[in-house]
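>>> got a structure for you, letters missing:
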């Protein structure tokens, strides 16, 4: 809005003069009227009749406006609207607009974004408490509020200081009163002393004045060290060489041999530099570098597969609470190498000391597809690559770790060779190997087993050539000693009980009893199981005819010395009592069974694998007829072997495509102490510490009693 003034406006002096004349005229008229009304000398005229008032001439409005404008002319207002002004209605103009004053700083940016490393994206930064605060004046004061805690503490501190000063003042006053009562002489003396002011800078009491001891001098004379004169030119490289030589000599020689010539020092420096160069060249291939790289590889692998490691440690299938008599297997890792993709897993074995380490044997069951074999040692701490890799000239068919010396590994090959390795050496060469001179199998070796029978290290092997051999590790060679020849049993007459022996049977598997060292079982390609003894090498103790095809696995129960299990290619798994010629339990799995194994934590749990890729887990204490878990692990592959971990509840299975799968058992598959707890409660006996072997043995005894009354004790 802009205000414009008129073109001609009267000045302020003219306005003042006009106003003064007008006021004077009005005052004269009013005074004359009052005089006429109040003058008594003038005669009063009689009132005349009222005359009609003369009509006043009305002035035109234009003339009146001109007269007023001539007297006072106000400024003319002209409203000038901007082009972008909003046009509001009357209601909108009458509305009250409230404005709220805030303490926010208008210069402070409100759209600040920062990168979040947790969410890996940019996020808006919320305003803080002191972002909009501006301090105009600050002053540290020394005053305190009377009711504050700080003021109360200060007063208490001063009161304590006053209380400590008051006893000192009382003591001084008491001493003064005693001196005044002693007599006039003492009073006069004290006044005399009190009047005399002491010099505080040069004052000493009589009691503190003592004699000073006379000063004494003491000297010690020693023999000066021997002095030798040496003269030579000094340079930077000579100083370095001398220091280097002294350092090397101090490490390699005694103190008496340090006084040698400078040339000898230089020669020692040159030799030391050559050795250091050799050491630098071998640093990359040193043992410390290898150990550091292994540790780094494990850390990287565990970070990459953190979810699987968390499942391995802490995952528990809570659904087992609602599934009675059923369990599941959780797949964890698949172990494999590029060099073993076209090979078959022929054997598996866990290390007895290191629970995370297991060995895998790679070969081929096909006679027409034989090639180089391989042994790989994998660890659960590094699932990406094996810890040790050993190559063999022939396919590996079996292997076994020594129970007391976990670095010793016995290996049996397809060509009949038996090897012994020490994996702690880090070399792929065997420490012992069989040969034609020391003895050798003529057919594939299907199983090896460490069994200590004396001071020397020895292991046993079985082959398709019909021999069970004992291998003794001497100082220089591996000696072979046949302990059993597997002869065929062909009954000629149905009525006769005495069979005739003719030819040799091919051995597939064997196992020694855990408590009776001389007793062992042998499974043959004909489907028979023979009970043998090392003391009787010429004949069998007993023969069990229960299978119609080759017996792939025979295993004694680790907790009960009379029970063993067998599996065959005729699709069956059978449980036997060596005192009876007939099987106790029989399971038909519908496909050829590749392997079977007892669990190390329960006497009634075992697992079996079939050629259709399924894993069966049985718990005879819960169900004697059907498996608790029948889960397919692989597709388009056949499972060949299975092995339980000694400590953790993990099962590993191997297939014919070079892969090893690790599976974790659910809680329903690891129940092993419920029966013994109930038995103790029923008998009402006191709680006693019983080892796990006794508990599992009683569990198997109770299972046998439930199957047949003749096993009840």
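Looks like it arrived, so ask away. Bear in mind the structure is a predicted one, so any value in this text is a computation, not a measurement.

>>> ok, residue 600 touching residue 646?
Yes. Proximity of residue 600 to residue 646 meets the contact threshold set by CB atoms under 8 Å, at 5.4 Å. For glycine as for every other residue, the C-beta is placed from the backbone atoms N, C-alpha and C.

>>> which SS state does residue 303 fall under?
Counting by DSSP: H, G, I helix; E, B strand; the rest coil, the backbone at residue 303 sits in helix.

>>> Pull the contacting residues for it.
By CB atoms under 8 Å, 6 or more residues apart in numbering, the contact set of residue 303 is empty.

>>> Show the pLDDT at it.
Here, the pLDDT recorded for residue 303 equals 88.

>>> Please report how far it lies from residue 391.
31 Å (CB to CB, to the nearest Å).

>>> Please apply the same query to residue 521.
33 Å.

>>> Now do the buried residues in stretch 407-422.
Residues 408-422 are the ones in stretch 407-422 that count as buried (16 or more other CB atoms under 10 Å).

>>> Of residue 521 and residue 391, which one has the most company?
residue 521 (24 against 12; other CB atoms under 10 Å).

>>> quick one: the more buried one and residue 530 touch, right?
Yes. Assessed by CB under 8 Å, residue 521 is found in contact with residue 530 at 7.1 Å.

>>> The residue lying closest to residue 104 once chain neighbours are set aside: what's it in contact with?
In this structure, residue 104 finds its nearest non-sequential neighbour in residue 132, 5.0 Å apart by CB to CB, 6 or more residues apart in numbering. Residues near residue 132 by CB under 8 Å, 6+ apart: 103-105, 108.

>>> End to end on stretch 533-551, go ahead and measure it.
19 Å (CA to CA, to the nearest Å).

>>> mind listing which of the buried residues of stretch 407-422 are in strands?
Residues of the buried residues of stretch 407-422 located in strands (DSSP state E): 408-413, 418-422.

>>> Out of the residues you listed, which is nearest to residue 90?
When these are compared for distance to residue 90 (CB to CB), residue 409 wins out at 102.8 Å.

>>> quick one: pLDDT of the spatially closest residue to that closest one that is not a sequence neighbour?
Distances taken as CB to CB, 6+ apart place residue 421 nearest to residue 409, at 4.6 Å, with adjacent residues excluded. You'll see residue 421 listed with a pLDDT of 91.

>>> Now do the same contact list for residue 421.
Going by CB under 8 Å, 6+ apart, residue 421 touches 375, 390, 408-409, 411, 430-431.

>>> how about a cut-off of 10 Å?
359, 375, 377, 388, 390, 392, 399, 407-411, 427-433 (CB atoms under 10 Å, 6 or more residues apart in numbering).

>>> and the residues you listed, which are buried?
359, 375, 377, 388, 390, 392, 399, 408-411, 430, 432-433.

>>> which stretches of the stretch 51-200 of the chain form strands?
Using DSSP state E, counting those that start in this stretch, the strands of the stretch 51-200 of the chain run over residues 76-78, 113-116, 121-124.

>>> need the ones you listed in JSON lines with distance to residue 556, can you?
Compiled in JSON lines, the strands of the stretch 51-200 of the chain are given as follows (distance: least, CB to CB, whole Å):
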{"stretch": "strand 76-78", "distance to residue 556": "120"}
{"stretch": "strand 113-116", "distance to residue 556": "61"}
{"stretch": "strand 121-124", "distance to residue 556": "61"}
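
>>> Which among the ones you listed is found nearest to residue 458?
strand 113-116 (65.2 Å).

>>> closest to residue 291 among the ones in strands among the buried residues of stretch 407-422?
Once CB to CB is applied, the member of those that ends up nearest residue 291 is residue 422, at 18.3 Å.

>>> if I read this right, that closest one contacts residue 430, doesn't it?
Yes. Look at residue 422 against residue 430 with CB atoms under 10 Å: they come within range, at 8.5 Å.

>>> For these two, list the residues in contact with both.
residue 409.
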